[in-house]
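J.: coordinates for the following, if possible.
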Amino acid sequence: MNTKRNILFVFLLLISFLFGADEDEKIFATEEDTYHETELSEQLLKLKEQRIEINYASKKELQLLPWLSNEDINCIIKFRKSHKIQSNKDLFKLGINFVTIEDIQNYISFKVQSNQSFSQISRIEYNEKKDCVSILKYTQKTEYNYNNFRFGFISQKDEGETNAFDYISYFAEYSTGKNKIILGKYRLNIGQGIFFAPKLGMSKSGAATNTPINNKSSLRAYTSTFEMWELEGIAFEKRINFEKRNSLIKILPFYSKTKLDANLKENQITSFDLSGVHLNDEKKDKVEENIFGANIEYQYDNFTLGFTAFQQKFNKDFENKNLNTQNIGYSTDLSLKNNENQFVSEFASVDEKNAFVGIYKWGNRKFRQLVLYRNYDKDFPTWHGKPFSNQANFDNENGVYYGITFLPINKTKINFYVDLWNYPQVRYSEKMRTIGSEQFLQIDYLNQNNQYRLTLHRKDREKFRKIDDIGLIRSIERNVCRFDRWQFFDKNITFKSRIEYVFEYFKDEKIYDKGWLMYQQLKFKNPKIQIISRIAFYKSDILLYMYENNVNGIMQNSIFSDEGVYSFLLVKYHLFDSIELQSKISDYWKKENSFRVNFEFIIKM
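T.: Residues are numbered from 1 along each chain as shown. So this is what the prediction gives:
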């Protein structure tokens, strides 16, 4: 069976080569294993479908593009007051770097978009397993937009689940320039995200001086398939403008009542279950959560001051007595901007537990710097928050981050950051204070037919690990050296190559593990069809991660270890102007039960 399947794979890959830069991968420089959209990936996908109108977009909308600096945005806004931006050449005349223009070109439009749209996405995933009652994963998303109204319905069934509507999300939204109201499921993003932020947001990326600052919209319908920590109820955003004073007040009251998956012991909460997989009802909807509160924000010119207060209540106690069933929280956030100089901060407090993050960004279009400090107390409630952090649950952490973006010439961009942190108190299996550090360097160079990227990434941390059945806190150093090359043969064909070497070093034990990965990829694209094929070879004693393209709605990092070959073939075909078919097949050639098929049917009108 495996031999026949591998022959089929090689045949399909060769076909795609005969036909034949991945924008997402150019910014997702992470090694986290995820099979969901992050807030950023979902945002970029929506911008591909409904691009930013470069001649009419507000400053806030232009800030959604993580590659643009404040000076770039200000130049665009100033230029279009007397001229119309008609092409990438006009952007270059404004002084925007070649690499930046290449990054944003698939997310902007020089024409006015329609104010009415309908989309229906149906996705089926088949994963070759023998131990599942139902081996199919099914997801569907329906969305309708008309002028100021927007409606959405999402459902999902994971592998092994028998209920076709195991997860449901829905919303109705009315939005104008001054008001927005959402009924149903939504998410909040307030300040720098200590209390409320997208749980799949990113702290670090290849955009070293942009990603750490939280610029996302404060209220948004929940359209992710991540089945935890969405809010459900009603939220209303009201903007009151004072044009003579060049100021505004924004008021955002919200209410949510929802049920959460949890692990219980003697009817007490030991942890929340984030998997979203319900093979039975043992963990599903075991805890009820009620939240109500409000955010008030005052903006004057480049000064913003916000205040948030809320009450949160669970209907069950926690096994950890340091966590409360009822929380009353307050926070204040501040933002000061002056061209490329920017200071943002947020301070939050809940039941004598505090959290703080402060960021200062300065420089110009060619050379930008950012420094960030954060301090989060142990057992600070992290349920709906996602500020800058080195971990998913951000409590019990303090640290300093420093990032640089440098554009020495028009066709070169350098991003660098260093992050130092410590966990002051007991954390999981680490029964003492532990520390860590991370350094990242990414150099991009673009010429007429090629783009080159060199990435160096080092992470040094203390973690509990067992070696020879002896469990100790050990100092572990992980280093990644990666080289990517994109070759642009014409507007339709892109060839990509990667070579990556990774090694881990246990300092005290003098244990050295290593691995390597290399792949070749070909991408063919025209108005009718897009084909992406990749074949990867790897040999490793440790885990290796590789971001890869998938059908719309999935951000995927594949994981590799041992020795083997992995390949995938992704086809996106526009059957008609309003109908698109997407399909992906992937397989680890030397592993049993690893064959995966994704199929997606999309209607857009």
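J.: C-alpha only now, for contacts and for neighbours.
T.: Fine.
J.: what residues are up against the residue of the chain positioned farthest from its centre?
T.: Most distant residue from the mean C-alpha position of the chain: Lys244, 38.7 Å away (CA atoms, centre = their mean). If a contact means CA atoms under 8 Å, 6 or more residues apart in numbering, then Lys244 has no contacts.
J.: what about it, distance to Tyr300?
T.: Relative to Tyr300, Lys244 is positioned 11 Å away (CA to CA, to the nearest Å).
J.: all strands of the stretch 51-200 of the chain, in order?
T.: Listed in chain order, the strands of the stretch 51-200 of the chain (DSSP state E, counting those that start in this stretch) span residues 52-53, 108-109, 116-127, 136-146, 149-157, 167-175, 179-188.
J.: what's the closest of those to Leu575?
T.: Closest to Leu575 of the strands of the stretch 51-200 of the chain, according to CA to CA: strand 116-127, at 14.4 Å.
J.: sorry, back to before: and the residue farthest from the centre of the chain, how close does it get to Lys60?
T.: Relative to Lys60, and taking CA to CA, Lys244 is found at 21 Å.
J.: just the CA trace of stretch 419-438, in CSV.
T.: Below are the C-alpha coordinates for stretch 419-438, written out as CSV (Å, rounded to 0.1, in the frame of the first residue of the first chain):
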residue,chain,number,x,y,z
ASP,A,419,14.5,38.2,24.7
LEU,A,420,15.5,37.6,28.3
TRP,A,421,13.1,36.2,30.9
ASN,A,422,12.7,34.4,34.1
TYR,A,423,9.9,32.5,36.0
PRO,A,424,10.3,33.8,39.6
GLN,A,425,8.3,31.1,41.3
VAL,A,426,7.4,27.4,41.0
ARG,A,427,6.2,26.5,37.5
TYR,A,428,4.8,23.0,36.6
SER,A,429,7.6,20.5,37.2
GLU,A,430,10.3,23.2,37.8
LYS,A,431,10.2,23.6,41.6
MET,A,432,12.4,26.6,41.6
ARG,A,433,13.1,29.9,39.8
THR,A,434,14.2,29.3,36.2
ILE,A,435,15.5,31.6,33.5
GLY,A,436,15.7,31.7,29.7
SER,A,437,16.9,33.7,26.7
GLU,A,438,16.3,33.9,23.0
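J.: and that stretch, what's buried?
T.: Neighbour counts over stretch 419-438 (16 or more other CA atoms under 10 Å) mark 419-424, 427, 430, 434-438 as buried.
J.: list the contacts of it.
T.: 378, 396-402, 418, 439, 457-464, 473.
J.: just stretch 382-401 next, same as before
T.: Residues from elsewhere that reach stretch 382-401 (CA under 8 Å, 6+ apart): 192-203, 212, 229, 357, 370-381, 417-425, 427.
J.: one more pass at 7 Å, please.
T.: 192-199, 201, 203, 212, 229, 371-380, 418-425 (CA atoms under 7 Å, 6 or more residues apart in numbering).
J.: next, the residue farthest from the centre of the chain: secondary structure please.
T.: helix (DSSP: H, G, I helix; E, B strand; the rest coil).
J.: residue contacts, the nearest residue in space to Asp460 that is not next to it in sequence?
T.: Excluding the flanking residues, the one nearest Asp460 by CA to CA, 6 or more residues apart in numbering is Glu477, at 4.3 Å. Each residue near Glu477 by CA under 7 Å, 6+ apart is listed here: 459-461, 504-506.
J.: scan the residues you listed and report the most crowded one.
T.: Per-residue neighbour counts (other CA atoms under 10 Å) across those peak at Glu504, which has 21 neighbours.
J.: would you map the helices across this protein?
T.: 2-19, 39-49, 59-62, 70-79, 88-93, 98-104 (DSSP state H).
J.: worst average pLDDT in these?
T.: Lowest mean pLDDT within the helices of the chain: helix 2-19, a mean of 46.
J.: pairing partners for Leu446 in the sheet, please.
T.: Per DSSP bridges, the residues bridged to Leu446 are Gln451.
J.: how close does it sit to Lys496?
T.: 14 Å.
J.: do Ser119 as well
T.: According to CA to CA, Ser119 stands 32 Å off from Lys496.
J.: please apply the same query to Gly293.
T.: Counting by CA to CA - Gly293 and Lys496 are separated by 49 Å.
J.: and for Leu264?
T.: 48 Å.
J.: same deal with Val480?
T.: From Val480 to Lys496 the distance is 19 Å (CA to CA).
J.: quick one: mean pLDDT over stretch 448-458.
T.: On average, stretch 448-458 scores 91.
J.: show me what it is in contact with.
T.: Here stretch 448-458 makes contact (CA under 7 Å, 6+ apart) with 438-446, 478-489.
J.: output that stretch as CSV - backbone C-alpha positions only.
T.: Taking C-alpha atoms only, stretch 448-458 is exported to CSV below (Å, rounded to 0.1, in the frame of the first residue of the first chain):
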residue,chain,number,x,y,z
GLN,A,448,14.9,40.9,-9.8
ASN,A,449,14.5,37.1,-9.9
ASN,A,450,15.5,35.8,-6.4
GLN,A,451,14.8,36.4,-2.8
TYR,A,452,17.3,35.1,-0.2
ARG,A,453,16.7,34.6,3.5
LEU,A,454,19.1,33.6,6.3
THR,A,455,17.6,32.9,9.7
LEU,A,456,19.6,32.2,12.9
HIS,A,457,17.6,31.4,16.0
ARG,A,458,18.9,30.4,19.4
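J.: give me the distance from that stretch to the chain's centre.
T.: Centroid displacement of stretch 448-458 relative to its chain, using CA atoms, centre = their mean, to the nearest Å, is 21 Å.
J.: check which residues of that stretch are buried.
T.: Using 16+ other CA under 10 Å as the test for burial, stretch 448-458 gives 450-453, 455-458.
J.: grab the nearest non-local neighbour of Tyr138.
T.: Tyr138 sits nearest to Ile124 (CA to CA, 6+ apart), 4.6 Å away.
J.: for that neighbour, the count of nearby residues, please.
T.: Neighbours of Ile124 (other CA under 10 Å): 18.
J.: Gln369 too?
T.: Using other CA under 10 Å, Gln369 has 22 neighbouring residues.
J.: shouldn't it be in contact with Gly363?
T.: Yes. Using CA atoms under 7 Å, Gln369 is in contact with Gly363, at 6.0 Å.
J.: what residue ranges in the stretch 51-200 of the chain score low on pLDDT?
T.: Applying pLDDT under 70 to the stretch 51-200 of the chain picks out residues 112-114, 129-134.
J.: rerun at 90
T.: Scanning the stretch 51-200 of the chain with the threshold set as pLDDT under 90 gives 51-119, 123-138, 146-148, 158-166, 176-178, 198-200.
J.: ok, Phe195 - contacts?
T.: Contacts of Phe195 (CA under 7 Å, 6+ apart): 384-385.
J.: hmm, try it at 8 Å
T.: Neighbouring residues of Phe195 by CA under 8 Å, 6+ apart: 348, 382-386.
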